[in-house]
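> dropping the sequence and predicted coords here.
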Amino acid sequence: MKRRTLLAAGAAATLAAPALKAQAKTEITVLYSIPDLFKTLHEQIAAEFMKQNPQYKVTFLAPQPGYEEVAQATLRAAVTNTLPDVIYHGLNRQRIFFDRKLAQPLNPLIAADKDFAGYGHAPGLLDIGRFGGQQLGIGFSLSTPIIYFNADLVSKAGGDPAAFPATWDGIFATARKIKALGGATQGFHFDWDITGNWMWQALVFSNGGTMLTADEKKVAFDGPAGKTGLDTLNRMVSEGTMRDVAQSVALQDFTSGTLGIWGHSTSRLGGVTKQVADKFKLRTASFPTQPDGRLPLGGNVAMLFTKDPARQKAAWEYIKFATGPIGGTMMVQATGYFPSALAAADDPKLLKAYYEANPNHLVAIRQLPKSTGWYAFPGDNGIKITDVIKDHLQSVVAQRAKPEAALPQMAKDVQALLPSQS
Amino acid sequence: MTATTLSLPVERTRRPSQSRAEAVAAYVLSAPAIICLFGILLLPTLATFVLSFTDWQFGAPTLRWIGLDNYVHLAGDRVFWKSLTNTVVYVAVVVPCSVLLGLGAALLIEAGTSGRAFYRAAFFLPVTATLIAMATVWEIMLHPSIGLINVLIEALGFSKQNWLKDPELALFALAGIGIWQALGLNMVLLLAGLKSIPRDLYEAAAIDGADGPWTRFVTVTLPMLGPALSFVLIISAIRSFQVFDTVAVLTEGGPNKATEVLLYTMYQEGFGFFRAGYGAAITVVFLVFVLLLTLIKARLAEKRVHYS
């Protein structure tokens, strides 16, 4: 009897030893979105992080399809008190987590960390995650809108890929020539319906405009910049051969080599380059921008949600790693985004060689001096407003509304949804 | 435990304490049902009703009483009216079509002599299939260039249609899927109704001279089918009012709100735009419609729409 107990105790101790060791690991949960772009990448980065920091364990929750959904999931989790420790949010979705005081400020963690300053984050890129003086997000993967083109089709249509037009007029003219090649060939598509009115903001900002006035009380996109912007969108259809099709159709057409010119985020460049391979010569060009124009940054940031100090420490180490030079290098090679830790791009040990070998990826970085934030409308109706704008843009793209009629109506509808002046 | 209490022999003269014990037992026994009724039906409905008078944002820690503001906004909200109109149009298309086709299928199956089980199963299959999965299948069938439907249409000499992207067609394309889905259930319910019509009525009618198929249908089948038919009508109407999955999967209310329906607008407002109070107001409007239909059904059931 006694021997048995002893044996059992011994066995329990042996079993308990690895269990104890496992318990010593701090586990953090992480949520992200757009799995078709990020799943493999996030898993690779986490694996590398855990290899270098065996005391931590990163567990991913089932990824959400897009930035809206991950924002919804976060608010739901806040209601049920089941927030993950780290969540990747779209740049334009950070605001609500500041307003609701859900995101935890990173400032104390940054202040206590002597390594972070040496990670080479571009100061302007850290600004995009700063709200009311608090650093809430750190850029993980960032983008600007660019123009992709099929250099073979451009040459075939009599254009010069080395001197690709820098204006919309030039782009539309080339698109018409490409379309005239006939068959299944399409001239041009512009993903105007990217989430959060991102491309609409690009059209207005690139003409020197803003969404609202500086005090955020009145609509400002109905000014000259917005007029040019909406007119450009209209001309994409009437002069630029653009069809009213879904983004997925444009992506399929472009990668299969039947679409000549495609306006999209730089984010897909990595994936598209792989898909295109040797089918045709893929090139990229700058987004047409006026001298005083700017372009919205896109992409997502890592945000901290846990309040538990031990988990915060672990989560910070993870965020630091994923957004830092090593995570950034892995991210650039897997996607078309650029990292917040831009110093890595000039580091011969990290990304310098990659960018030299892939000049298409440089276009987005070259546009950086012109970049500005991805605007989020203020107040309770912030997200509803993006939907209202999308509907009006859709009616222009479908050619059911003239831009000169749609713009004032859109401004009126948005104004009604802004926080009242009281 | 409680079962034994119940099975105690009933005495002629009950002492007050015992009758109280029985009452307590009765409450204890019905407690789970009462708790469920309140917990998952009445309280959420009440909460929705209360929320519809607030500006609650989804997930927000605070809310403010704003009276009828949400309803005032609803009255002036183009999207809401579009959504309500679309829902009514959808119901007006799906209910008559699915009931008439269901009735036709039921009559044909009942009149036929062979392959009844096969036809019953074939028509009932869409009811058992997951609508989300089926919606994806429909998406491929309705694909503008390679979809089976467009290929067929083109083979017949008509021009291809962009079913889900054309604002004039999208709602009707969804209604078509709705009919396909509802037909089977209507058929089964009506088949049951047909089975319960006594044969001798037909014989009696024949003796009275009603022996043509149409006369038989009008004088015997239709009146006797009254209860089943009214039930089927109301159930189809309520189910069509709840259309959501096909919209969410196939069109997301687009193009330009052409397929926006009440439940989808409610979902968008509450969970997409986080305007939960406003979403609650839309839910209340939706509940009023369903309640109206249910009242009509109750009234019809009271009148007992049959001739027995």
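Looks like it came in fine.

> which residue does the stretch 101-250 of chain B have closest to chain A?
When distances are taken as Cβ to the nearest Cβ, the stretch 101-250 of chain B reaches nearest to chain A at residue B:165, 7.1 Å away. C-beta: built from backbone N, CA, C; applies to glycine.

> shouldn't that residue be in contact with residue B:255?
Yes - using Cβ atoms under 8 Å, residue B:165 is in contact with residue B:255, at 5.6 Å.

> need the residue closest to the centroid of the chain.
No chain specified, so I'll use chain A. Geometric centre of chain A, nearest residue: residue A:299, 1.6 Å, by Cα atoms, centre = their mean.

> that's the wrong chain, I meant chain B
residue B:239 (1.2 Å).

> leaving out the residues flanking it, which one is nearest to residue A:415?
residue A:219 (5.0 Å; Cβ to Cβ, 6 or more residues apart in numbering or on different chains).

> okay, the one you found: pLDDT?
pLDDT, residue A:219: 95.

> next up, phi/psi of it, please.
With angles defined as degrees, to the nearest 10, residue A:219 sits at phi -60, psi 130.

> tell me the contacts of it?
Contact analysis of residue A:219 by Cβ atoms under 8 Å, 6 or more residues apart in numbering or on different chains lists A:211-213, A:411, A:414-415, A:418.

> list just the nearest of those residues to residue B:36.
residue A:418 (43.8 Å; Cβ to Cβ).

> now the nearest residue to that closest one once chain neighbours are set aside: how far from residue A:115?
Spatial nearest neighbour of residue A:418, chain neighbours left out: residue A:379 (6.1 Å); criterion: Cβ to Cβ, 6+ apart. In this view, residue A:379 and residue A:115 are 39 Å apart by Cβ to Cβ, to the nearest Å.

> between the two, point out the one with more neighbours.
Remark: of residue A:379 and residue A:115, residue A:379 carries more neighbours, 14 against 8, as counted by other Cβ atoms under 10 Å in any protein chain shown.

> quick one: what helix or strand has the more buried one in it?
Under DSSP states H and E, no helix or strand contains residue A:379.

> my read: it touches residue A:415, true?
No - Residue A:379 is beyond contact range of residue A:415, at 11.7 Å (criterion: Cβ under 8 Å).

> run a quick neighbour tally on the residue of the stretch 151-300 of chain A found nearest chain B.
Minimum separation of the stretch 151-300 of chain A from chain B (Cβ to the nearest Cβ) falls at residue A:244, amounting to 7.1 Å. Using other Cβ under 10 Å, residue A:244 has 16 neighbouring residues.

> how about the residues of chain B by chain A?
B:55, B:57-61, B:165, B:167, B:254-257, B:268-269, B:271-275 (Cβ under 8 Å from any Cβ of the partner chain).

> just the buried ones among the residues you listed, please.
Buried members of those, counted by 16 or more other Cβ atoms under 10 Å in any protein chain shown: B:55, B:57-60, B:165, B:167, B:254-257, B:268-269, B:271-275.

> chain neighbours aside, what residue packs nearest to the residue of the stretch 1-150 of chain B found nearest chain A?
Taking Cβ to the nearest Cβ, chain A has its nearest neighbour within the stretch 1-150 of chain B at residue B:59, 3.3 Å off. In this structure, residue B:59 finds its nearest non-sequential neighbour in residue A:75, 3.3 Å apart by Cβ to Cβ, 6+ apart.

> could you dump the helix or strand harbouring the one you found to PDB, C-alpha only?
Element membership for residue A:75, per DSSP H and E: helix A:67-79. Only the C-alpha atoms of helix A:67-79 are listed here, as PDB (Å, rounded to 0.1, in the frame of the first residue of the first chain):
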ATOM      1  CA  TYR A  67     -10.400  45.500 -40.700                       C
ATOM      2  CA  GLU A  68     -14.200  46.100 -40.000                       C
ATOM      3  CA  GLU A  69     -14.700  42.600 -38.800                       C
ATOM      4  CA  VAL A  70     -11.700  42.600 -36.500                       C
ATOM      5  CA  ALA A  71     -12.900  45.900 -35.000                       C
ATOM      6  CA  GLN A  72     -16.400  44.400 -34.400                       C
ATOM      7  CA  ALA A  73     -14.800  41.300 -32.900                       C
ATOM      8  CA  THR A  74     -12.800  43.600 -30.500                       C
ATOM      9  CA  LEU A  75     -15.800  45.500 -29.300                       C
ATOM     10  CA  ARG A  76     -17.800  42.300 -28.800                       C
ATOM     11  CA  ALA A  77     -14.900  40.800 -26.800                       C
ATOM     12  CA  ALA A  78     -14.800  44.000 -24.700                       C
ATOM     13  CA  VAL A  79     -18.500  43.500 -23.800                       C
END
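
> quick check: which helices or strands does the helix or strand hosting residue B:90 pack against?
Using DSSP H and E, residue B:90 maps to helix B:78-111. Applying 3 or more Cβ pairs under 8 Å, 6 or more residues apart in numbering or on different chains; DSSP states H and E, we find helix B:78-111 packed against helix B:116-128, helix B:170-195, helix B:226-241, helix B:262-267, helix B:276-303.

> just give the nearest non-adjacent residue to the residue in the stretch 151-300 of chain B that chain A sits nearest to, would you?
Nearest residue of the stretch 151-300 of chain B to chain A (Cβ to the nearest Cβ) works out as residue B:273 at 4.0 Å. The shortest distance from residue B:273 to any non-neighbouring residue, by Cβ to Cβ, 6+ apart, is to residue A:384 (4.0 Å).

> can you count the residues close to that neighbour?
Counted by other Cβ under 10 Å, the residues lying close to residue A:384 total 21.

> check residue B:211 too.
So residue B:211, with other Cβ under 10 Å, has 12 neighbours.

> which residues are in contact with the nearest residue to it once chain neighbours are set aside?
Once flanking residues are discounted, residue B:211 sits nearest to residue B:205: 7.4 Å by Cβ to Cβ, 6+ apart. Shown in contact with residue B:205 (Cβ under 8 Å, 6+ apart): B:211, B:215-216, B:219-220.
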